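Peer 1: The following comprises the amino acid sequence and a computationally predicted model.
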Amino acid sequence: MPPENTNSVLVSMGGDCVIIDAWGRGDDWVRLLNNRKLRLRAVYTTHGHPDHFSAAPFLAAHYNVPWFLNERDHEIIPWGNSLLDYFGLPRVTDSDTPPMVLGAGNITVLPGLVAAIIPAPGHSRGGVMYHFAGEKILVSGDTIFADGIGRWDLPGGDLDALRGSISNVAKMNLPDDTRVIHGHGPDSTIGHLRTCNPYFKS
């Protein structure tokens, strides 16, 4: 759904679903969920840049569900309003539903579906990845892309921290066929990152 420059992830089981990085317009998401007859249970976010949560406050209020963001990125939410202005999307205000704190460790996102929350600072202070081990899926946000890495020149960015986060994931020794869903651009695999991305090393 437009704007079309961020990857959002819709995870569903039965009639229930969650969204990771709810970019775009909230009413577009409502139409999509209605068309697919899905019940939204929560919204999760990889980091606090507005192109990854623009629809989250609306959806949280509309469906009375939580949206989660690592607390280290809560402070940069207002910084992103100028980007939301640029895309013609609603600003985030004090009257909007605030994010809930997202920590590290395993969480059950839907009944029977577990994700490991992997801290990944560097692109922002509070960046995280979501690893679904049983499904062999890693949602990487903007920490790493198929052939590069995320920016570190935005508020909260730190190149050394970014390299450390990527190194930590490389050390996890995930299977080569683990699908990696990046925050922007095409998906890849852990095997691709090992062989083609010079930044993906322990």
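Peer 2: Yep, it's here.
Peer 1: just checking, next helix/strand downstream of the helix or strand bottoming out on mean pLDDT in the chain?
Peer 2: Ranked by mean pLDDT, DSSP states H and E, the weakest helix or strand in the chain is helix 81-86, scoring a mean of 93. Counting by DSSP states H and E, the next helix or strand C-terminal to helix 81-86 is strand 100-101.
Peer 1: Would you mark the buried spots in stretch 96-114?
Peer 2: For stretch 96-114, the neighbour count (16 or more other C-beta atoms under 10 Å) marks 97, 99, 102, 107, 109-110, 113 as buried. (Glycine included, C-beta is placed from N, CA and C.)
Peer 1: Kindly reformat the residues you listed as JSON lines containing pLDDT and distance to residue 179.
Peer 2: Shown next, in JSON lines, are the buried residues of stretch 96-114 (pLDDT from 0 to 100; distance: C-beta to C-beta, whole Å):
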{"residue": "97", "pLDDT": "90", "distance to residue 179": "31"}
{"residue": "99", "pLDDT": "96", "distance to residue 179": "26"}
{"residue": "102", "pLDDT": "93", "distance to residue 179": "22"}
{"residue": "107", "pLDDT": "96", "distance to residue 179": "20"}
{"residue": "109", "pLDDT": "97", "distance to residue 179": "17"}
{"residue": "110", "pLDDT": "97", "distance to residue 179": "18"}
{"residue": "113", "pLDDT": "96", "distance to residue 179": "15"}
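Peer 1: Among these, which one sits closest to residue 143?
Peer 2: residue 102 (15.2 Å; C-beta to C-beta).
Peer 1: contacting residues around that closest one?
Peer 2: Residue 102 makes contacts with 44-45, 68-71, 117, 128, as judged by C-beta atoms under 8 Å, 6 or more residues apart in numbering.
Peer 1: any chance of those in a markdown table, with distance to residue 171 and secondary structure too?
Peer 2: Shown next, in a markdown table, are the contacts of residue 102 (distance: C-beta to C-beta, whole Å; DSSP: H, G, I helix; E, B strand; the rest coil):
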| residue | distance to residue 171 | secondary structure |
| --- | --- | --- |
| 44 | 24 | strand |
| 45 | 25 | coil |
| 68 | 25 | strand |
| 69 | 25 | strand |
| 70 | 21 | coil |
| 71 | 25 | helix |
| 117 | 17 | strand |
| 128 | 17 | strand |
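Peer 1: Can you select the buried ones from those in ChimeraX?
Peer 2: Buried subset of the contacts of residue 102, written as a ChimeraX selection, criterion 16+ other C-beta under 10 Å:
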select :44,45,68,69,70,117,128
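Peer 1: and the strand or helix carrying residue 161, what does it pack onto?
Peer 2: According to DSSP H and E, residue 161 maps onto helix 159-171. Contacts defined by 3 or more C-beta pairs under 8 Å, 6 or more residues apart in numbering; DSSP states H and E place helix 159-171 against strand 113-119.
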